[in-house]
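Undergrad: I'd like to go over a predicted model; first the sequence, then the structure.
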Amino acid sequence: MPAGLIGSDPRLRALREALESYGRNAQDPPIHGGDHQQAAVSVVIRSRDRLELLLIKRAQSEHDPWSGHMALPGGRREHSDSDLQHTARRETLEETGVDLDRIGVPLGRLDDVAPSSPRLPRITISAFVFGVPANTEAKVASAEVESVLWIPLDDLRNPESHGTVEIPLPGGPRSFPTYDVVGEQVWGLTHRILEGFLWLYTESE
């Protein structure tokens, strides 16, 4: 873990304080039986002149219900994971090569989210926020990932990046709110997680 990252970047310190005072449940949800699964994602913030967020584009796969989507690095909890933060760290390394055990500073945890559609897996997703140094690089490190990119947080907050996307569903097409980043649409569960994070980030300023 890089010494002094929080001390050298007051924006990360303020964000950690905002997350600490947020009042969300810091404990892992109970492990459900049956087909209910747990997963975790990382909100990785790179400490540059403009704070940047790490996103991935998932590779096309008929076995992935979120195939081709823009997403946060993360995945399902494995039995060997000591807790859900460990899941987030492990999956981030496996997908993007960013070693949060070595260079990441934990800043806090957001509210858990779950799909509202019965067509999607029964899963609870926990989101953990990490700060990383300015020289951190990410790469495609898994066949499950098509590309990785860093997006300035200010670009996501820009009203011009906010829109809607129409998704065909069995009951008819539905519109969902999106962030438009480099021609890609960030919607669904990732949009819900980032919407909560960006609200906290704005409050921390």
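TA: Nice, I can see it. Residues are numbered from 1 along each chain as shown.
Undergrad: what about Arg90, how many residues close to it?
TA: By other CB atoms under 10 Å, the residues close to Arg90 number 21. Heads up, the C-betas are built off the backbone N, CA and C, glycines and all.
Undergrad: Okay, and it sits in which element?
TA: In this assignment (DSSP states H and E), Arg90 forms part of helix 84-96.
Undergrad: Could you pull up the mean pLDDT of that helix?
TA: Here helix 84-96 scores 97 as its mean pLDDT.
Undergrad: what do you get for stretch 52-68?
TA: For stretch 52-68, the mean per-residue pLDDT is 81.
Undergrad: how far does it stretch from start to finish?
TA: Stretch 52-68 has an end-to-end distance of 22 Å (criterion: CA to CA, to the nearest Å).
Undergrad: Bridge partners for Ile56, pull those for me.
TA: In this entry, Ile56 is beta-bridged to Ala71, Val148, by DSSP bridges.
Undergrad: Contact partners for it?
TA: Contact analysis of Ile56 by CB atoms under 8 Å, 6 or more residues apart in numbering lists 70-73, 95-96, 145-149.
Undergrad: between the residues you listed, which is closest to Thr178?
TA: Closest approach to Thr178 among the contacts of Ile56 (CB to CB): Met70, at 9.2 Å.
Undergrad: So for that closest one, what's the nearest residue that isn't a sequence neighbour?
TA: In space, and not counting its chain neighbours, Met70 is closest to Val186: 4.5 Å by CB to CB, 6 or more residues apart in numbering.
Undergrad: And for Arg46?
TA: Distance criterion CB to CB, 6+ apart; nearest residue to Arg46, sequence neighbours excluded, is Glu52 at 4.3 Å.
Undergrad: Could you do Asp28 as well?
TA: Setting aside the residues directly before and after it, Asp28 is nearest to Leu84 in space (CB to CB, 6+ apart), at 5.0 Å.
Undergrad: Would you quantify the distance from the one you found to Leu198?
TA: From Leu84 across to Leu198, the span is 22 Å (CB to CB, to the nearest Å).
Undergrad: Repeat that for Gly104.
TA: Gly104 is 20 Å from Leu198, by CB to CB.
Undergrad: How about Arg48?
TA: Note on Arg48: its distance to Leu198, by CB to CB, is 17 Å.
Undergrad: can you check Ser47 too?
TA: Distance from Ser47 to Leu198, counting by CB to CB: 17 Å.
Undergrad: More neighbours: which of those two?
TA: More neighbours surround Ser47 than the other of Ser47 and Leu198, with 20 against 15 (other CB under 10 Å).
Undergrad: what about the residue nearest to that one when sequence neighbours are not counted, how many neighbours?
TA: Counting by CB to CB, 6+ apart, Asp9 is the residue found nearest to Ser47 once chain neighbours are left out, at 4.6 Å. Using other CB under 10 Å, Asp9 is surrounded by 19 other residues.
Undergrad: per-residue confidence at Asp9?
TA: 95.
Undergrad: That one contacts Gly131, correct?
TA: Yes: if you go by CB atoms under 8 Å, Asp9 and Gly131 touch, sitting 7.1 Å apart.
Undergrad: which residues in this structure form helices?
TA: In the chain, the segments counted as helices under DSSP state H are 5-8, 10-20, 84-96, 100-103, 153-157, 188-204.
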